[in-house]
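[1] the sequence isn't on hand, but the structure is:
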């Protein structure tokens, strides 16, 4: 039996990607020339797995870039300014090998080097795959004293409340509550309205206010694309860019050197006969947890997660004409 | 007196009083709905659980504040029907625990009785004892950190997990807002019918 994601799930994922890849794209950090270490327990013949050495990226940042909801950045910097879809859409094949318009895997957000007699040299992207979630490099050959420069998401974006405590602040939790569907015109068609909230957990007041304003502005009088995901989401179950792992199976060995990143694009096809996701009744509020002992009373202190909170609530709606096409 | 003005003023007064009457009945239904929502979304979660902060303990206070809430704002030439929300409803005092719950509480918290907490605060530094939310109450909500787990092991005790730990936000007032938004048109129609009948009775025989 074939099974396709339903519209609600596509809405959830589209909103998640909009918040993570578009709205919070200024909240990114870059770590340069970090040592990579071989992880022997994950290696098999012809596959060498490397991870970033050390624990935290710097003395100022006391959490891992690979905590839940963060991860390495998989698209190059967008060129579309403040558009709701700023990433370039180009023609090629999607992760399943079907013709598509979409966005290729990054070229300059993650760069792997190895040490040669003449210094550091860039390793060809054809020689390795990237696990963007866990921050690992899977190489087809052993690399000599490898190093990596990578960009990572500073704000953790999670779509389940239970995942909040799996990361350190700043965190943005997306919580979509109820769904109602109404008619909106004579004849068929539906207007689907969902109530939602973005819950911000920051590490200080300034960060909370920044995030609160950025998120508010990203929803007020804005809309975001509703993707159809014909070949799934951007990353595969193992954290690699979807289609990258299967590329070698699709492309004959003689053509391997001629392949490029247009052969496994993230397909930006929109949901047919449905509108974009529009936002209404946007409201931002700080959440002050009540009856907390103030810092003046020495015997108590705030919980880290609950100290600086805010929420941006909204109604998200879309028009669905699929039953009258 | 200008007869048109007389008719206009009379009908306006009758209509406004009718609308207030209908709305008051609607508000009673709204209060019942909010209490039912409180029961369903907060009290029922605690079924079978023991807690110092059981929402049932605060239900009477919630009901009392609901009854004191200014649902109808009479602006003279207009009336506004308010439905309580987190911004306008008085969640101060003991109801702050309910405010905490409806905003969602990430992380696992345990209820530490006052005696245990005072022992802890002598033993632990503020950094070790994170997330003490209530101090003056019979118990406090303390983040269930490794420090607390070790304390439990050493003292052979087990604190109750706060049942609303890791619970996403709860929409306590949403159904009320929806109720007002759905019914306000109906209330105006009902008030119009009542006012029309009353006006007809008053002006019967006047040739209006």
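    The structure has been received and is ready for your questions. Keep in mind it's a predicted model, so treat the numbers as computed, not measured.

[2] which elements pack onto the longest helix along chain B?
    Secondary structure of chain B per DSSP state H: the longest helix is helix B:3-38. Helix B:3-38 sits against helix B:59-68, strand B:72-74, strand B:79-81, helix B:174-202, with contacts defined as 3 or more CB pairs under 8 Å, 6 or more residues apart in numbering or on different chains; DSSP states H and E. (Glycine included, C-beta is placed from N, CA and C.)

[3] what about the worst-scoring helix or strand of chain B on mean pLDDT, distance to the chain center?
    Between all helices and strands in chain B, the lowest mean by mean pLDDT, DSSP states H and E belongs to helix B:114-123, at a mean of 78. Distance, stretch centre to chain centre, for helix B:114-123: 33 Å (CA atoms, centre = their mean, to the nearest Å).

[4] pLDDT (mean, whole number) over the helix or strand just after it?
    Next helix or strand after helix B:114-123 toward the C-terminus (DSSP states H and E): strand B:139-143. Mean per-residue pLDDT for strand B:139-143: 83.

[5] let me see the domain layout of chain B.
    Domain ranges of chain B: B:3-104+B:169-202, B:109-161, per automatic domain parsing.

[6] the first one: how far from the chain's middle?
    Centroid separation between domain B:3-104+B:169-202 and its chain, computed with CA atoms, centre = their mean, is 10 Å.

[7] next: stretch B:148-161.
    34 Å.

[8] would that stretch count as contacting chain A?
    No. Using CB under 8 Å from any CB of the partner chain, stretch B:148-161 stays clear of chain A, coming no nearer than 12.3 Å.

[9] now the angle from the longest helix of chain B to helix B:59-68?
    170 degrees (axes from the mean of the first three to the mean of the last three CA atoms, to 10 degrees).

[10] show the average pLDDT along helix B:3-38.
    For helix B:3-38, the mean confidence score works out to 88.

[11] same check on stretch B:52-71?
    What stretch B:52-71 shows for mean pLDDT is 91.

[12] now do the same end-to-end measure for that stretch.
    32 Å (CA to CA, to the nearest Å).

[13] which secondary element of chain A has the worst mean pLDDT?
    Ranked by mean pLDDT, DSSP H and E, the weakest helix or strand in chain A is helix A:247-250, scoring a mean of 69.

[14] what about residue A:232, how many residues nearby?
    The number of residues packed near residue A:232 is 17, by other CB atoms under 10 Å in any protein chain shown.

[15] what sits against the nearest residue to it once chain neighbours are set aside?
    Closest residue in space to residue A:232, ignoring its immediate chain neighbours: residue A:242 at 5.4 Å, by CB to CB, 6 or more residues apart in numbering or on different chains. Contact partners of residue A:242, counting by CB atoms under 8 Å, 6 or more residues apart in numbering or on different chains, are A:95, A:231, A:232, A:233, A:234, A:235, A:236, A:264, A:266.

[16] hmm, try it at 6 Å
    By CB atoms under 6 Å, 6 or more residues apart in numbering or on different chains, residue A:242 lies in contact with A:95, A:232, A:236.

[17] could you report the pLDDT at it?
    92.

[18] closest one to residue B:157 among the helices and strands packed on helix B:3-38?
    For residue B:157, the closest of the helices and strands packed on helix B:3-38 is helix B:59-68, at 29.8 Å, according to CB to CB.

[19] now the residue lying closest to residue A:139 once chain neighbours are set aside: how far from chain B?
    Among residues not flanking residue A:139 along the chain, residue A:128 sits closest, at 4.2 Å (CB to CB, 6+ apart). In this view, residue A:128 and chain B are 36 Å apart by CB to the nearest CB, to the nearest Å.

[20] in TSV, list the helices and strands packed on helix B:3-38 along with distance to residue B:112 and mean neighbour count.
    Listed next are these as TSV, based on distance: least, CB to CB, whole Å; neighbours: other CB atoms under 10 Å in any protein chain shown:
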stretch	distance to residue B:112	mean neighbour count
helix B:59-68	24	14
strand B:72-74	43	12
strand B:79-81	43	13
helix B:174-202	32	15
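
[21] of these, which is nearest residue A:138?
    Comparing the helices and strands packed on helix B:3-38 by CB to CB, helix B:174-202 comes nearest, at 46.6 Å.

[22] surely residue A:30 meets residue A:150?
    No. Applying CB atoms under 6 Å as the test, residue A:30 and residue A:150 come out as separate, 7.2 Å apart.

[23] the more surrounded of those two?
    More crowded of residue A:30 and residue A:150, by other CB under 10 Å: residue A:150, with 23 against 11.

[24] look at the residue lying closest to residue A:153 once chain neighbours are set aside and give its secondary structure.
    Leaving aside its sequence neighbours, residue A:153 sits nearest to residue A:70 (CB to CB, 6+ apart; 4.7 Å). Following DSSP: H, G, I helix; E, B strand; the rest coil, residue A:70 is assigned to coil.

[25] what segments of the stretch 1-150 of chain A are strands?
    For the stretch 1-150 of chain A, the strands defined by DSSP state E, counting those that start in this stretch occupy A:28-38, A:48-52, A:90-93, A:99-103, A:110-116, A:119-122, A:128-131, A:136-139, A:147-153.

[26] ok, longest helix in chain A?
    helix A:205-219.

[27] pop out the phi and psi values for the nearest residue in space to residue B:139 that is not next to it in sequence.
    Leaving aside its sequence neighbours, residue B:139 sits nearest to residue B:52 (CB to CB, 6+ apart; 4.0 Å). Taking degrees, to the nearest 10, you get phi -70, psi -20 for the backbone angles of residue B:52.

[28] surely residue A:172 is in contact with residue A:157?
    Yes. The pair residue A:172 / residue A:157 is scored as a contact, 5.0 Å apart, by CB under 6 Å.

[29] who has more neighbours out of those two?
    Using other CB under 10 Å as the criterion, residue A:172 and residue A:157 rank with residue A:172 on top: 28 against 25.

[30] quick check, the strand or helix carrying the more buried one touching chain B?
    According to DSSP H and E, residue A:172 maps onto strand A:171-182. Yes. Applying CB under 6 Å from any CB of the partner chain, one finds strand A:171-182 in contact with chain B at A:175, A:177.
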